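**Q** return a 3D structure for these sequence lines:
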Amino acid sequence: MPCWHINSSVTHTRGNADMRHVHLTRDEKKAIPFILPGVLVTALLILYPLFYIISMSFNTNAMGKGGFAGLTNYIRLFKNPLFSQTIFNTVKWTFWTVAASFLIGCTFAMMINYKGIVAKGFFRSLIFIAWIIPGVVKATAWKWLFATDGGMANHLLLSLGVIKEAIPWLTSPKYAMMSVIIVQIWACAPYVMLMMTAGISQLPTDLYESANLDGASWLQKLFYITMPLLKDISFICILMLLVWAINEFSLIWIMTSGGQNTGTLSLLVYNQFKVLNLNSASASAVMQLLITMVFAILYVKFVIKED
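**A** Here you go, the predicted model:
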């Protein structure tokens, strides 16, 4: 085995033994009164609404004061013909946006950190603009760009001779989901680029020098040195992308209003709240939370299994 290969197997016995006997220091005990107000505010703003929504999903009254409905709201939700299509759209949207955003962001990070690249700060800032622009502005601008008549995307493609007639980017089920996925990737890839760039800049150079002496190729250094050392940062990036994708609302709503087969769980919850169907909306929100937790837990379990 070459000396530059990163061995990812780690023994946790000592760490687990230390965690069984955790004692707070005097300074940590003194810090509790200062931390407690923040914990209480967090519980008030997050835990109470969460429990309230869960209780409404099992209730017959919109304000949570009616009788216990059991699983009626959930059964009604599962029987909704839009629900299965919404789940499929959510999974499709999440998979493509997370996978493509991560791969493109990593590619940008590798390119910017290449030794031959000049003005790295300028290119990093230029790419990161897509991340710092407010979501409503992004969605509105791309909606104009993807307009069938007079949109910049169609005008450019027609001018280059790539297409012969305008593409209905946002008004056809064939292209609408792909269009909003492209915008989400454009918006999220810079975040991955920034995180991975910070991680790459901290990598030890001696491993790469050893790899060069062993005659390692660029791909071997990438898969055996760079990616294993960036595993923790990659974990954070993918987890954040998962949560953002499942809970994204404004981009899809502004661009398509959930039409043309682009509706996700976030839009389903909004549409139910809009018609004051609060119990069904609460059940949909709980399902969205569960799906988010399932994605996150499976991903965390996968990472722990790899370790």
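
**Q** which secondary structure element is home to Leu170?
**A** For Leu170, there is no host helix or strand (DSSP states H and E).

**Q** swap in Glu165?
**A** Of the helices and strands defined by DSSP H and E, none includes Glu165.

**Q** now for it: which residues touch it?
**A** Applying CB atoms under 8 Å, 6 or more residues apart in numbering to Glu165 gives no contacts. From N, CA and C alone the C-beta is placed, and that goes for glycine too.

**Q** how about it, phi and psi?
**A** phi -140, psi 160 (degrees, to the nearest 10).

**Q** what about it, distance to Ser201?
**A** According to CB to CB, to the nearest Å, Glu165 and Ser201 sit 47 Å apart.

**Q** likewise Thr97?
**A** Per CB to CB, Thr97 is found 26 Å from Ser201.

**Q** likewise Met193?
**A** 12 Å.

**Q** higher neighbour count, these two?
**A** Met193 (27 against 11; other CB atoms under 10 Å).

**Q** wait, doesn't that one sit right on Phe128?
**A** Yes: if you go by CB atoms under 8 Å, Met193 and Phe128 touch, sitting 7.3 Å apart.

**Q** give me the below-cutoff pLDDT ranges for this protein.
**A** Along the chain, segments meeting pLDDT under 70 span 1-22, 61-66, 115-118, 303-307.

**Q** switch the cut-off to 50
**A** Low-confidence segments of the chain (pLDDT under 50): 1-3, 5-20, 64.

**Q** care to break it down by domain?
**A** Domain assignment for the chain by the TED database gives 26-69, 73-305.

**Q** packed most tightly, which of these would that be?
**A** domain 73-305 (a mean of 17; mean count of other CB atoms under 10 Å).

**Q** just the helices in the stretch 201-307 of the chain please.
**A** 205-213, 218-221, 227-229, 231-247, 250-256, 265-274, 278-306 (DSSP state H, counting those that start in this stretch).

**Q** how distant is the fifth one from the center of its chain?
**A** Counting by CA atoms, centre = their mean, to the nearest Å, helix 250-256 is centred 17 Å from the centre of its parent chain.

**Q** for Leu45, see how far away the residue nearest in space to the middle of the chain is.
**A** Centrality entry for the chain: nearest residue to the mean C-alpha point is Leu241, 1.6 Å, by CA atoms, centre = their mean. Between Leu241 and Leu45 the distance, using CB to CB, works out to 24 Å.

**Q** do the same with Arg124
**A** Here Arg124 is placed at a distance of 34 Å from Leu45 (CB to CB).

**Q** so Leu278 sits against Ser57, correct?
**A** No: Leu278 is not in contact with Ser57 according to CB under 8 Å; the separation is 9.4 Å.

**Q** how about the contacts made by the residue nearest to the centre of the chain?
**A** Thr97, Val98, Ser101, Phe102, Cys188, Tyr191, Val192.
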